[in-house]
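Student: Model the following, please.
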Amino acid sequence: MRTSACLDTGVIMAFYSKNPSPEVVRLMTEIKKGEIEGHVLRPILVEVYSHLCKLQGGVSFAEVTIASFLAEHEIKIIPMNKSMTYKAGRLKCQHRSRLSHIDCITIAYALNQNIIFHTTEKDLKKIIPKLKIKEHSF
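Tutor: Below is the predicted model of the structure:
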């Protein structure tokens with residue numbers, strides 16, 4: 001049985017940076033080969049698009065990059081559901097100054113699915129000890 005990985009914005013942005021870490025490249029290669037199933041919540045794609053547009057080259061660049069990312073990698077796009085909404089809301093309420101809304105949504109999904117959360121955020125293990133985390137540098 002192959003493993004699943006929930007990706008946050010930072011990991012995707014790290015992959016498209018000028019010098020992605022070998023660890024991030026390896027993760028994306030394993031996803032591309034279908035060895036790992038990548039899970040990305042739809043709001044993450046919005047945030048990635050925004051960052052790509054702002055930091056790296058405008059609307060066209062963002063659209064082409066997102067389209068090629070989704071076409072080339074085995075990515076499961078995750079919509080929000082009621083359970084995730086409540087869990088994410090609870091997380092945001094409990095950690096309002098430490099976690100963004102997007103972090104709470106992706107963490108809620110990773111917890112509900114019991115899959116590894118791949119992130120560039122630091123100190124999440126201290127905040128959410130039950131979360132399976134793989135930290136990546138960016």
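Student: can you count the residues close to the nearest residue to residue 36 once chain neighbours are set aside?
Tutor: Spatially, and ignoring its direct neighbours in sequence, residue 36 is nearest to residue 30 (4.5 Å; CB to CB, 6 or more residues apart in numbering). For every residue, glycine as well, the C-beta is placed using N, CA and C. Here the number of neighbours of residue 30 (other CB atoms under 10 Å) works out to 18.
Student: Next, residue 30: secondary structure please.
Tutor: Put simply, residue 30 is helix when judged by DSSP: H, G, I helix; E, B strand; the rest coil.
Student: how much space between it and residue 7?
Tutor: Note on residue 30: its distance to residue 7, by CB to CB, to the nearest Å, is 12 Å.
Student: Then residue 80?
Tutor: For residue 80, the distance to residue 7 - CB to CB - is 16 Å.
Student: Looking at the two, which one has more neighbours?
Tutor: Set residue 80 next to residue 7 and count neighbours by other CB under 10 Å: residue 7 wins out with 27 against 14.
Student: List the contacts of that one.
Tutor: Contact analysis of residue 7 by CB atoms under 8 Å, 6 or more residues apart in numbering lists 38-40, 44, 118.
Student: Need phi/psi at it.
Tutor: Here is the backbone geometry of residue 7 (degrees, to the nearest 10): phi -100, psi 140.
Student: partner residues bridging the nearest residue to residue 8 once chain neighbours are set aside?
Tutor: Nearest non-adjacent residue to residue 8, counting by CB to CB, 6+ apart: residue 119, 4.4 Å away. Counting by DSSP bridges, residue 119 forms beta bridges with residue 135.
Student: Is it correct that residue 119 is in contact with residue 133?
Tutor: Yes. Assessed by CB atoms under 8 Å, residue 119 is found in contact with residue 133 at 6.4 Å.
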